[in-house]
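Participant: quick one: sequence and predicted model below, then my questions.
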Amino acid sequence: MAHRRRFGRENTVRRGARRENPAQRATRIFRHFVFLMIGALLSVPYIVVFVWATQVSAFDPASGVVAFAVLVLLLVVPALLSATRALERTAVAELLGVQLAAPVNGMAGGRRWRGAAWYVVHLISGALTIVTVAFAIPIIITVALLTLAGDLETVTEVTAVVVPSADTTTAVLWSLGLGLGLTIFNILAGIALPHWAQIMLGPTSAERAALAAQQAEAEARRNQLARELHDSVGHALTVTTLQATAAHDMLDRDRDAAARAMQAVADTGRAALAELDHVIGILRSESESEGEGGGAGEGSGGSTGSTGDDGGSRPVGPAETLEDLPGFLDRLDEQGLQITRRYDEAVLASVPAGASGPAFKVLQEGLTNALKYARPQDAELSIGLDETWLRIELANPVDATAAARPSGGRGLEGMRERARLAGGTTQVGMDDGGWKLRAGFPLTDSRQEEE
């Protein structure tokens, strides 16, 4: 998928390039030329050393070997430096307009050699640019103008420098052919540089796979945090709205009941703030671990700090599990939802965290929906446990208006996704005139993410 997205972006860039106006095209060509000239400047010392080594070899072959060894050393050492690769990546991005994916940690070996190959390509393309600009193009222009002017004697002298020991016609043809060929090759090489940069400086297939895995992990983490926020904030807003409405209706008739409703609003708000602080703590722990080079997606809820009112760092609280269910049900009872409980509280503590956490979140969503839609406001909750599965059933009556509501929504989809990530199943819908939620979670499934 990442591979297709990359090619999609490249195709978008190409389509954008075809729509560029003349000024933009001229700017792009100029930037490419500047990149080639940088390579030309970098290649000058190597050309000088190459000429020196060649002259030394003509007089003393043994010394020539040493001279060429020095040339190779001067070429290899800078080419393998990570700083050189970083500078080349910057130049490619700024001058060739190629945006390269960030390097993947722990995969530097192949990257170093591909970066060295790109450095050599940059030097060669720069050297070709020098030859083209300083020799090929001037020879083509000179021969063409002198031929048109009829000065064949000067043409012969010029082309004899390029192709000695040949007649005038052959020398002219070879001079023009070599000049044009070198110029065309240099232009084509300049056009191909962005593509070569993608191959030599961009991610390999293994790095693309690692990047895709990191992106998938980050996406899964974002989805998890979205579910956390929906569960906590959505539940709090539902309860707050219902209790505030009830307090408003009872304010003149029963001030004590109105006060209890407003107290429920305050308690729910405090609980929601605590859960929101937990999610923010997860976000901060991930951000700090990435800043310290810990890698994407390695932050874990409950492991590091969360920003408090004092701007400091405090421990992130643990995620809620089925052990917190009785207290949650008590609060719902106070808010008007009468729940018939069919489970053994001692069993709740024995449920593994990999099933207990997702089960609580699924029940939290289901019970919040029951508080919102149940008519009359009562529900039946059954929790059973065998050797391999945790089974949950929640049922509540609904009126015709609630029964007609669609079965979609982020909450129901979040329940299905939580169960799926834990290796379990959910079934939600109308059954025997009421709304029923059935969910099952394996007790030994290791696919559930740590909360």
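Facilitator: All right, it came through fine. These figures come from a predicted structure and were not determined experimentally.
Participant: number of residues surrounding Q338?
Facilitator: Per other C-beta atoms under 10 Å, the neighbour tally for Q338 reads 12. In short, each C-beta sits where N, CA and C put it, glycine included.
Participant: and it, how far from A379?
Facilitator: 7 Å (C-beta to C-beta, to the nearest Å).
Participant: so G433 makes contact with P397?
Facilitator: Yes. The criterion here is C-beta atoms under 8 Å, and G433 meets it with P397 at 7.1 Å.
Participant: of those two, who's got more company?
Facilitator: Higher neighbour count among G433 and P397: P397, with 19 against 9, using other C-beta under 10 Å.
Participant: wait, is that one part of a helix?
Facilitator: No. Counting by DSSP: H, G, I helix; E, B strand; the rest coil, P397 is not found in a helix; it is strand.
Participant: so it touches E380, yeah?
Facilitator: No. Using C-beta under 8 Å, P397 and E380 do not qualify as a contacting pair, with a distance of 9.6 Å.
Participant: quick one: pLDDT of the residue of the chain positioned farthest from its centre?
Facilitator: The C-alpha centroid of the chain is most remote from E153, which lies 66.1 Å away (C-alpha atoms, centre = their mean). Looking at E153, its pLDDT reads 83.
Participant: next up, the contacts around it.
Facilitator: If you count contacts by C-beta atoms under 8 Å, 6 or more residues apart in numbering, E153 has none.
Participant: begin at 23 from here
Facilitator: Sure, I'll start counting at 23 from here, so that last one is E175.
Participant: what's the next secondary structure element after the helix or strand it falls within?
Facilitator: With elements taken from DSSP states H and E, the one containing E175 is helix 174-184. Next helix or strand after helix 174-184 toward the C-terminus (DSSP H and E): helix 190-223.
Participant: for T181, see how far away the residue farthest from the centre of the chain is.
Facilitator: Distance of E175 to T181, given as C-beta to C-beta: 11 Å.
Participant: overlap in contacts, these two.
Facilitator: Joint contacts of E175 and T181 (C-beta under 8 Å, 6+ apart) do not exist.
Participant: spell out the secondary structure type for D274.
Facilitator: coil.
Participant: per-residue pLDDT, it?
Facilitator: For D274, the model assigns a pLDDT of 75.
Participant: count the residues that sit near A105.
Facilitator: 8.
Participant: now do the same contact list for it.
Facilitator: Listed by C-beta under 8 Å, 6+ apart, A105 has no contact partners.
Participant: and I405, what element?
Facilitator: Applying DSSP H and E as the criterion places I405 in strand 400-407.
Participant: quick one: average pLDDT of that strand?
Facilitator: For strand 400-407, mean pLDDT is 91.
Participant: that strand - contacts with which helices or strands?
Facilitator: strand 360-364, helix 367-370, helix 375-395, strand 411-419 (3 or more C-beta pairs under 8 Å, 6 or more residues apart in numbering; DSSP states H and E).
Participant: tell me how far it lies from the chain's centre.
Facilitator: Relative to its parent chain, strand 400-407 has a centroid offset of 42 Å by C-alpha atoms, centre = their mean, to the nearest Å.
Participant: now it: buried residues?
Facilitator: 401-403, 405, 407 (16 or more other C-beta atoms under 10 Å).
Participant: kindly export that strand (C-alpha atoms) in CSV.
Facilitator: C-alpha atoms of strand 400-407 as CSV (Å, rounded to 0.1, in the frame of the first residue of the first chain):
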residue,chain,number,x,y,z
ASP,A,400,-33.6,-0.6,33.2
ALA,A,401,-31.2,-3.1,31.8
GLU,A,402,-30.0,-6.7,32.4
LEU,A,403,-26.3,-7.5,32.5
SER,A,404,-25.0,-11.1,32.4
ILE,A,405,-21.3,-12.0,32.5
GLY,A,406,-20.1,-15.6,32.3
LEU,A,407,-16.7,-17.2,32.2
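Participant: now do it against strand 411-419, angle only.
Facilitator: 170 degrees (axes from the mean of the first three to the mean of the last three C-alpha atoms, to 10 degrees).
Participant: quick one: the one helix or strand I159 maps to to helix 190-223, angle?
Facilitator: Following DSSP H and E, one finds I159 within helix 159-171. Here the directions of helix 159-171 and helix 190-223 differ by 150 degrees (the same axes, to 10 degrees).
Participant: for helix 159-171, which helices and strands make contact with it?
Facilitator: Where contact means 3+ C-beta pairs under 8 Å, 6+ apart, helix 159-171 is packed against helix 174-184, helix 190-223.
Participant: so which residues of the stretch 223-372 of the chain form helices?
Facilitator: Remark: helices assigned in the stretch 223-372 of the chain by DSSP state H, counting those that start in this stretch are 227-251, 257-272, 277-313, 347-356, 367-370.
Participant: let's have these in a markdown table, adding mean neighbour count and distance to V120.
Facilitator: As requested, the helices of the stretch 223-372 of the chain are exported to a markdown table (neighbours: other C-beta atoms under 10 Å; distance: least, C-beta to C-beta, whole Å):
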| stretch | mean neighbour count | distance to V120 |
| --- | --- | --- |
| helix 227-251 | 15 | 16 |
| helix 257-272 | 18 | 47 |
| helix 277-313 | 17 | 25 |
| helix 347-356 | 15 | 54 |
| helix 367-370 | 13 | 57 |
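Participant: coming back round to it: grab the CA positions of the helix holding I159 and hand them over as CSV.
Facilitator: In CSV, the C-alpha atoms belonging to helix 159-171 read as follows (Å, rounded to 0.1, in the frame of the first residue of the first chain):
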residue,chain,number,x,y,z
ILE,A,159,29.1,23.3,-26.8
PRO,A,160,31.8,25.8,-27.8
ILE,A,161,33.2,23.4,-30.4
ILE,A,162,29.7,22.8,-31.9
ILE,A,163,29.1,26.6,-32.1
THR,A,164,32.6,27.4,-33.4
VAL,A,165,32.5,24.7,-36.2
ALA,A,166,29.0,25.6,-37.2
LEU,A,167,29.7,29.3,-37.5
LEU,A,168,33.1,28.9,-39.2
THR,A,169,31.5,26.5,-41.7
LEU,A,170,28.7,28.9,-42.5
ALA,A,171,31.3,31.7,-42.9
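Participant: domains in this protein, by residue range?
Facilitator: 24-225, 242-330, 340-473 (automatic domain parsing).
Participant: what's the least confident stretch among the ones you listed?
Facilitator: domain 242-330 (a mean of 64).
Participant: adding distance to L202, write the buried residues of strand 400-407 out as a markdown table.
Facilitator: Compiled in a markdown table, those are given as follows (distance: C-beta to C-beta, whole Å):
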| residue | distance to L202 |
| --- | --- |
| A401 | 86 |
| E402 | 88 |
| L403 | 85 |
| I405 | 84 |
| L407 | 83 |
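Participant: list the buried residues of the helix holding E175.
Facilitator: Neighbour-count burial for helix 174-184 flags 177-178, 180-181, 184 (criterion: 16+ other C-beta under 10 Å).
Participant: can you give me the angle it makes with helix 190-223?
Facilitator: Relative orientation of helix 174-184 versus helix 190-223 (the same axes, to 10 degrees): 40 degrees.
Participant: tell me the spacing between the residue farthest from the centre of the chain and R136.
Facilitator: 52 Å.
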